[in-house]
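Q: take this sequence and fold it.
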Amino acid sequence: MSQQPIVNPIPDALKNFSLYPDCAHVRLSTVKGLFGISAATVWRMVKANKLKSHKLTPRTTTFNVGELRQVLAAAKS
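A: Numbering: from 1, shown residues only. Next comes the predicted model:
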C-alpha cells in the first residue's frame, strides 16, 4: 500500500494576500502562514514590537496588511 501525501490546503486569505489593499486586516492564521511561524512566535513578535496587532473586539485580533508588508520587506533586505 502506498501512503497518500499529507496536503495542507492554503487558506484563501494567504493565497490572495497580494491582492489585499494596505488598509485591509487579516487574522492570525494568515500571519502564521506568511512568516511560516507558530502562533506563539507571532505573539512573541508582537510583545517585542516587531509586529503590531489591532483589537477589533475583545475577542478578535487582526493585523494590518500594509504593516505586515513593511515587516516582510525589511526582512528581505
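Q: contacts only, for the residue nearest to the spatial centre of the chain.
A: Taking C-alpha atoms, centre = their mean as the criterion, residue 31 is the residue nearest the geometric centre of the chain, at 0.9 Å. Shown in contact with residue 31 (C-beta atoms under 8 Å, 6 or more residues apart in numbering): 42, 51, 63, 68. Yep, even glycine has a C-beta here, placed from its N, CA and C like the rest.
Q: in which helix or strand does it reside?
A: Using DSSP states H and E, residue 31 sits within helix 28-35.
Q: kindly report the same for residue 62.
A: strand 60-64.
Q: what is the burial count for residue 40?
A: Counted by other C-beta atoms under 10 Å, the residues lying close to residue 40 total 9.
Q: how much space separates it from residue 63?
A: The gap separating residue 40 from residue 63 is 15 Å, by C-beta to C-beta, to the nearest Å.
Q: related to what we said a few turns ago, tell me which residues are up against the strand holding residue 62.
A: 22-28, 30-31, 51-56.
Q: next one: stretch 65-77
A: With C-beta under 8 Å, 6+ apart, stretch 65-77 has contacts from 17, 20-26, 31, 34-35, 50-52.
Q: ok, of those, which come out buried?
A: 17, 20, 24, 25, 26, 31, 34, 35, 51 (16 or more other C-beta atoms under 10 Å).
Q: for the residues you listed, give me CSV that also has pLDDT and distance to residue 73.
A: Listed next are the buried ones among the contacts of stretch 65-77 as CSV, based on pLDDT from 0 to 100; distance: C-beta to C-beta, whole Å:
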residue, pLDDT, distance to residue 73
17, 90, 13
20, 94, 15
24, 96, 17
25, 95, 18
26, 95, 16
31, 95, 15
34, 93, 12
35, 93, 13
51, 97, 14
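Q: what strand or helix carries residue 54?
A: Assigned by DSSP H and E, residue 54 falls in strand 53-57.
Q: need the residues that contact that strand.
A: 25, 46, 61, 62, 63, 64.
Q: distance of the third one from residue 67?
A: The spacing between residue 61 and residue 67, counted by C-beta to C-beta, is 13 Å.
Q: just the pLDDT at residue 12, thanks.
A: We have a pLDDT of 76 for residue 12.
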